[in-house]
Structure formats: structure tokens, C-alpha cells
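**Student:** What follows is a predicted protein model with its sequence.
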Amino acid sequence: MPTEFDPEIVLSRPLMANLATISAQGEPRNAPVWFAWEANVLWMLSDAGSSTAKRITRTPHVAVEIVDYDNASGILRHVGLRGAASVEPMDTALFRRLLGRYLGPEDQQNSWFVETVARIDDPDGRLIRLAPASIFTNDVSFFRTGPALAKPERPIP
């Protein structure tokens, strides 16, 4: 029973996305990623040497799945995006906005994480860009109550 909804409900939240790519051998690969949704483009973190960036450069066809799931309140919303992705040079301002979604205001972020793991000033930093050819949504938030009852609504944070 697919039920559509406004994808902004999910895309505006700091959830984990799963990025699916294709290996050189034609096998599927999947990676969890942080993302930012800006001006109808999904941006994800990467670097020049990552296996994900190499796979996208070789075969740009990707799928991204994002699920908003809260068992206690009965929320289960899914957004799927498909299209050709590209690996783009680092945009430090966008990178900082993306980190802010997950780590909070810059002055409250773990500096060790930002400098060592996220490597905000890394010259090999890259962003994966997906302007999706298609977006689909499915809200099955009735899984606990059945479709006859109203779905719970949660305000967008």
C-alpha cells in the first residue's frame, strides 16, 4: 500500500542515507553516508581516494535510500532517489553546513573529529552530487495501527 508524502519531511532531517553504487565487476556496493539536501540536489561527503568516489567516476548510476523510522511512535517513511551522481571538488561552505546538520553549531563540534575524521581542510576532500532523475516516497507509518487509522505526524525539526 504505497502512500506518497512530501520528501522534504525526510530530506530535511539529519538521518543516515545508504548510497548504492556498482563495482567494476558489476556487483552492488552500499555505504552509509551523511547528506545535505539543497536546491533539489543531494550532497554526500567523500574524498578523492575513496572507493565510493572511484566507483561513481567509473559508473555514475546510483541509488540512495533514506528511512525515517521510529518504532515507538509508528513512523516509517522511506525516500528513494535515483540518477547519475558525480564527484565534485570540495565546497567548504557546503561541507560546514553538512557537518552542522549532524554535529550541531560549529562552536560545539568535536574539533578532533572535524580535523581528524571529517578533515575539513583536506585537499583531497570531495562531495558526491546527485541531482536525482527520480524520487519516490512511501509512508507506511500505519504498520502498527493498520491503514484505517490516522498516521502519526511528527513536526519537522
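**Tutor:** Arrived safely, thanks for sending.
**Student:** Where in the chain is the helix or strand with the lowest mean pLDDT?
**Tutor:** Of all helical and strand segments in the chain, the minimum by mean pLDDT, DSSP states H and E falls on helix 111-112, at a mean of 86.
**Student:** residue contacts, Arg119?
**Tutor:** Asp47, Gly125 (C-beta atoms under 8 Å, 6 or more residues apart in numbering). Using the backbone N, CA and C atoms, a C-beta is placed for each residue, glycine as well.
**Student:** Give me the phi and psi for it.
**Tutor:** phi 50, psi 60 (degrees, to the nearest 10).
**Student:** ok, now which ones touch Asp47?
**Tutor:** Shown in contact with Asp47 (C-beta under 8 Å, 6+ apart): Ala53, Arg119, Asp122, Asp124, Gly125, Arg126.
**Student:** Do a quick rundown of the strands in the chain.
**Tutor:** 17-22, 28-33, 35-38, 41-47, 61-70, 75-89, 125-130, 134-139 (DSSP state E).
**Student:** Quickly run through the sheet partners of the last one, with directions.
**Tutor:** Okay, so that is strand 134-139. Sheet pairing for strand 134-139, assigned by DSSP bridges, gives strand 75-89 (antiparallel).
**Student:** In stretch 102-119, which residues are buried?
**Tutor:** Leu103, Gln109, Val114, Ala118, Arg119 (16 or more other C-beta atoms under 10 Å).
**Student:** With stretch 19-26 instead?
**Tutor:** Leu19, Thr21, Ile22.
**Student:** okay, those in JSON lines with distance to Asp139 next?
**Tutor:** Formatted as JSON lines, the buried residues of stretch 19-26 follow (distance: C-beta to C-beta, whole Å):
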{"residue": "Leu19", "distance to Asp139": "22"}
{"residue": "Thr21", "distance to Asp139": "27"}
{"residue": "Ile22", "distance to Asp139": "29"}
